[in-house]
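Enquirer: below: sequence and its predicted model.
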Amino acid sequence: MKEYNFYEVERKWQKVWDQTGLFESPDTSSKKFYVLVMFPYPSGDLHMGHCRNYVIGDVIARKKKLEGYDVLHPFGWDAFGLPAENAAIKRGIHPREWTLKNIEGSREDIKKMGISYDWKREVMTCNPNYYKWTQWLFLLLYKRGLAYRKKAFVNFCPSCQTVLANEQVLAGKCERCNTEIVKKDLEQWFFKITAYAERLLKDMEKLDGKWPRRVIEMQKNWIGKSEGALIDFPLEQNPDIKLSVFTTRADTIYGVTFLTIAPEHEILKVLIKDSEHEKKVLEYIENSLKVPEMERASIERKKTGVFTGKYAIHPFTKEKLPIFVGDYVLVHYGTGIVMGVPGHDARDFEFAKKMDIDIKIVIKPFNEELPEELESAYEEYGVMINSGEFTGLDSFKGIEKVCEKLSEMNLGKKAVSYRLRDWLISRQRYWGAPIPIIHCENCGTVPVPEKDLPVLLPEEVDYLPKGKSPLESSEEFMNTECPECGKKARRDPDTMDTFVDSSWYYLRYIDPENDKQIFDKEKVKLWIPVDQYIGGAEHATGHLLYARFIGKVLYDEGLINSDEPLERLFTQGMILRKTPSGEVEMMSKRAGNAVKIKDFVKEWGADVARINILFAGPPERDFEWTDEGVQGAKRFLLRVWKLFTENEDIFKKTDSQIDKDRLEGKERDLYRITHIYYKRVFDDIENYKFNTAIAAMMEWINHLYSFEFKLSPVFGYSLNMLCITLAPFAPHMAEEIWAKKSEQSIFKQRFIEPDKEIIEEEKITLVVQINGRVRGKLLVERGLTEEDVKKIALSIPNVKKHIENRKIVKMLYVPDKIFSIVVK
RNA sequence: GCCGGGGUGGCGGAACUGGUAGACGCGGCGGAUUCAAAAUCCGCUCCCUGUAAGGGGGUGGGGGUUCAAAUCCCCCCUCCGGCACCA
């Protein structure tokens, strides 16, 4: 047998696919399937850890192709972003040059894996013909009132020298470089994603069963909806000023003994102006702003606060309630002011103890009494007490009634609050899409007219980070004319968050060359929704939320006809590997455990890599890359190869057609087994169970090896079917095998419906149980009657033995499955 | 604390809707081939017991429902992920 050279065979077929345009997708189709993988940041040498999603996507894409679909399976590059800039600064190369070089290298790597991409549709977010439309998208949001500029305390990373979105801050640290975030009061651009909070939440119903539950839960947590009420507390000195609070526990209203305002809250300045407390409060505010985000958010941290000297009036009791400032209150949640109910909220309890404020008990448990002196807040629901006209109501009714009453008094109403915050998209960096806005002294903020797009990123810029945008140092870029009044004006110096680029890329693949519009509506109508999206779960609350938001905006604008354009989502697990020091970690260059695509493919082959990745375990779970696994994958493929070379003649003489009625005995069995496995593999792909799909092929091959009549046509038939089944997983080898008999690519073959009739024909093993224990097995035809089974079952010697001297209490027959006897 | 997902041989992992637990692979053991080794091929491989047939135990722990539970219900332990001073 000639040795199989993975590397050469793979190179050969990749070239053929490329030259024949086998995987290019049409612009019209009556049966389409859009497979999308999250496009990568081009970081240079790619390794196996990067390509699990590409391999999964490829199996699905190739399977769909075999099923006769027109498949759109594109690829591109999320090419803007900080690393290019950082690397460029370090090496003195222009970010563009560095990025393009990386793309060249990465593209070669991906191609070596033999993924069936339509490379004609490749997009790069850093190309002007792409970011022109990212800018256009910005203007669309601006036009729709969804992009606005606001001064706010924002997250700033001192190391990256830029502000960050909420989603890019993990536990108070920069997601990218792990540096402690500081708060800066800056004027920045935001996208109003909060306006879509309810729809983003509610429409997840449509994704139920199609997206991983984990991702849905993460987004739900992130949006963080809670239902409650807004309650107004008029100021004692000036009842026209009302402090509005958000609460989920309106039933505790009679327990309010104070109010606390977040230190950042604007109203504080008004409250304390020219009062004796002004100095102390200002000092407190200043100090709390210095406390790092992480520390301030910590539950363990002792509560602090200062009395403002002012009082509010309780809407029902008209009591005077002292107003405090305290940094345990978050300015960006609810109204930034809370009502203090120390008896029924742990935080308020702690604060009240410290500040020596009254604690009132206004809720008692349903079935017991509370002690007079509380040791901690009672936070459960219960029955309202000491609550005036509401006393005696349970919490749920109480909330309703209190809200009703407040509404009547015009001092409150039911309300909903979200944890989600608006998306901060300004970045003080060079390598991104410039924000298409001009600041004019006369006209204010003026959007760049569409005809002037793209606002090109200037080439020659000092892009060393200085805490303000590098573009600001380019006079040529900054100076422009106001499109409205024609006077001298300045451009916005910031670039957009790269998540804006990636929020719509899947639409550009459909019409990548269009220079008249962001995309052609009709073309998009054909391919949208994306039938299968594949990527990492780490993007759950970032990219995937942004993409859904932008999708809805485009839907509202009438540009796409689905408000959830990413229909089915699969999130793959990570690839881990032992590091040189022996720990199992995510594969990465930094950890020193990366297996480079280039090197691996040369030594082992892409098909081996693909099988290893797919067989190692369920694709949604992490798996450890091991040398043993690689060996196993190679052994499997060589076994396949050997099977076909040893039986080449019969394989060539037969095809995927056979007259099953002329088969009997073992030949008929093989025909049946073939259809069982064939169906199993294709069903498993549909359910993302690639590991068991490969296991089924292994079993199939084991059967074929031990089949006696290797010259029988049914044997050749089975080989033909096997080759087609193998094709999505190890496409190069499948092509190589197929080429022995056909000029045409195996991917021009069409999926044959499995023969369900023959699968059903199988004899079954009927289990005989006595008192729940297996005491015998019967190989029988399907559909036997209870009488027949009983007769046979009771004649089994081992069954007889266990029934002897006992009384049969009950007999139970589950057709074609089990015969169960209960004895005493 | 709240929410979600896990825990099955030496290892990765199978098991439809409650119906033979451990498919498939890795590793290990035995054999064939070989001067020898690698590679390959064949057989065995959950644990205890038994020459064997068989018997007993067994899916994180405890209880329950059922003729029958990895699967359903209750309680607990533990690991992973998300959110968390969110009012």
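Expert: Arrived safely. Predicted model, so just to flag it, every value in this text is computed and none were measured.

Enquirer: who touches the most centrally placed residue in chain A in this structure?
Expert: Nearest to the mean C-alpha position of chain A, by Cα atoms, centre = their mean, lies residue A:540 at 3.3 Å. By Cβ atoms under 8 Å, 6 or more residues apart in numbering, the residues touching residue A:540 are A:214, A:215, A:218, A:219, A:222, A:571. Every residue, glycine included, has its C-beta placed from N, CA and C.

Enquirer: was I right about the fourth one contacting residue A:546?
Expert: No. Counting by Cβ atoms under 8 Å, no contact exists between residue A:219 and residue A:546, whose distance comes to 11.1 Å.

Enquirer: out of the contacts of residue A:540, who's nearest residue A:42?
Expert: Nearest to residue A:42 among the contacts of residue A:540 is residue A:571, at 21.7 Å by Cβ to Cβ.

Enquirer: could you confirm that closest one falls within a strand?
Expert: Yes. Checked against DSSP: H, G, I helix; E, B strand; the rest coil, residue A:571 lies within a strand.

Enquirer: surely it touches residue A:218?
Expert: No. Using Cβ under 8 Å, residue A:571 is not in contact with residue A:218; the gap is 10.2 Å.

Enquirer: buried sites along the helix or strand in which residue A:149 is found?
Expert: Per DSSP states H and E, residue A:149 falls inside strand A:147-157. Within strand A:147-157, the residues that qualify as buried by neighbour count (16 or more other Cβ atoms under 10 Å) are A:147, A:149, A:152, A:154, A:155, A:156, A:157.

Enquirer: could you identify the most distant pair in the contacts of residue A:540?
Expert: It's A:222 and A:571 that sit farthest apart of those, by Cβ to Cβ, at 15.4 Å.

Enquirer: mind listing what's buried along the longest helix seen in chain A?
Expert: The helix spanning the most residues in chain A, taking DSSP state H as the definition, is helix A:665-686. Of all the residues in helix A:665-686, those buried under the rule 16+ other Cβ under 10 Å are A:667-682, A:684-685.

Enquirer: mind giving me the domain split of chain A?
Expert: Domain assignment for chain A by automatic domain parsing gives A:6-125+A:502-586, A:135-192+A:423-499, A:226-417, A:604-759, A:763-823.

Enquirer: tell me which of those sits nearest to residue A:203.
Expert: In this view, the domains of chain A are compared for proximity to residue A:203 by Cβ to Cβ, and domain A:6-125+A:502-586 is the closest at 5.7 Å.

Enquirer: touching RNA strand B at all, that closest one?
Expert: Yes. Shown here: domain A:6-125+A:502-586 in contact with RNA strand B (Cβ under 7 Å from any atom of the strand) through A:537, A:541.

Enquirer: as JSON lines, the buried residues of strand A:147-157 with distance to RNA strand B and pLDDT would be great.
Expert: Converted to JSON lines, the buried residues of strand A:147-157 look like this (distance: Cβ to the nearest atom of the strand, whole Å; pLDDT from 0 to 100):
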{"residue": "A:147", "distance to RNA strand B": "23", "pLDDT": "97"}
{"residue": "A:149", "distance to RNA strand B": "24", "pLDDT": "95"}
{"residue": "A:152", "distance to RNA strand B": "15", "pLDDT": "81"}
{"residue": "A:154", "distance to RNA strand B": "15", "pLDDT": "84"}
{"residue": "A:155", "distance to RNA strand B": "12", "pLDDT": "86"}
{"residue": "A:156", "distance to RNA strand B": "17", "pLDDT": "87"}
{"residue": "A:157", "distance to RNA strand B": "17", "pLDDT": "85"}
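
Enquirer: between these, which sits nearest residue A:774?
Expert: The closest of those, once distances to residue A:774 are taken by Cβ to Cβ, is residue A:155, at 62.4 Å.

Enquirer: hmm, residue A:164 and that closest one touching each other?
Expert: Yes. Here residue A:155 reaches residue A:164: they are 4.6 Å apart, a contact under Cβ under 8 Å.

Enquirer: give me the three-state assignment for residue A:232.
Expert: Residue A:232 is classified as strand under three-state DSSP.

Enquirer: for the closest residue to it other than its chain neighbours, give me its contacts.
Expert: The shortest distance from residue A:232 to any non-neighbouring residue, by Cβ to Cβ, 6 or more residues apart in numbering, is to residue A:242 (4.0 Å). Listed by Cβ under 8 Å, 6+ apart, the contact partners of residue A:242 are A:232, A:233, A:234, A:235, A:411.

Enquirer: ok, residue A:505 next?
Expert: Per Cβ under 8 Å, 6+ apart, neighbours of residue A:505: A:39, A:76, A:78, A:123, A:125.

Enquirer: what do you get if the cut-off is 7 Å, keeping everything else the same?
Expert: By Cβ atoms under 7 Å, 6 or more residues apart in numbering, the residues touching residue A:505 are A:39, A:76, A:123, A:125.

Enquirer: cool, and residue A:491?
Expert: Residues in contact with residue A:491 (Cβ under 7 Å, 6+ apart) are A:438, A:477, A:478, A:480.

Enquirer: these two touch, right, residue A:68 and residue A:752?
Expert: No. Residue A:68 is not in contact with residue A:752 according to Cβ atoms under 7 Å; the separation is 10.9 Å.

Enquirer: where do the helices sit along the stretch 1-150 of chain A?
Expert: Here the stretch 1-150 of chain A has its helices, by DSSP state H, counting those that start in this stretch, at A:6-20, A:52-66, A:82-91, A:95-112, A:128-143.

Enquirer: what does the helix or strand encompassing residue A:353 contact?
Expert: Residue A:353 is part of helix A:346-355, with elements assigned from DSSP H and E. Helix A:346-355 is contacted by residues A:257, A:260, A:303, A:305, A:324, A:326, A:328, A:340-342, A:359, A:376-377, A:379 when judged by Cβ under 7 Å, 6+ apart.

Enquirer: closest to RNA strand B among these?
Expert: Of all these, RNA strand B sits closest to residue A:328, with 3.3 Å by Cβ to the nearest atom of the strand.

Enquirer: any idea how far that closest one lies from residue A:382?
Expert: 25 Å (Cβ to Cβ, to the nearest Å).

Enquirer: so where do the strands sit in the stretch 151-300 of chain A?
Expert: Along the stretch 151-300 of chain A, counting by DSSP state E, counting those that start in this stretch, strands occupy A:162-164, A:169-170, A:173-174, A:182-191, A:226-234, A:242-247, A:258-261.
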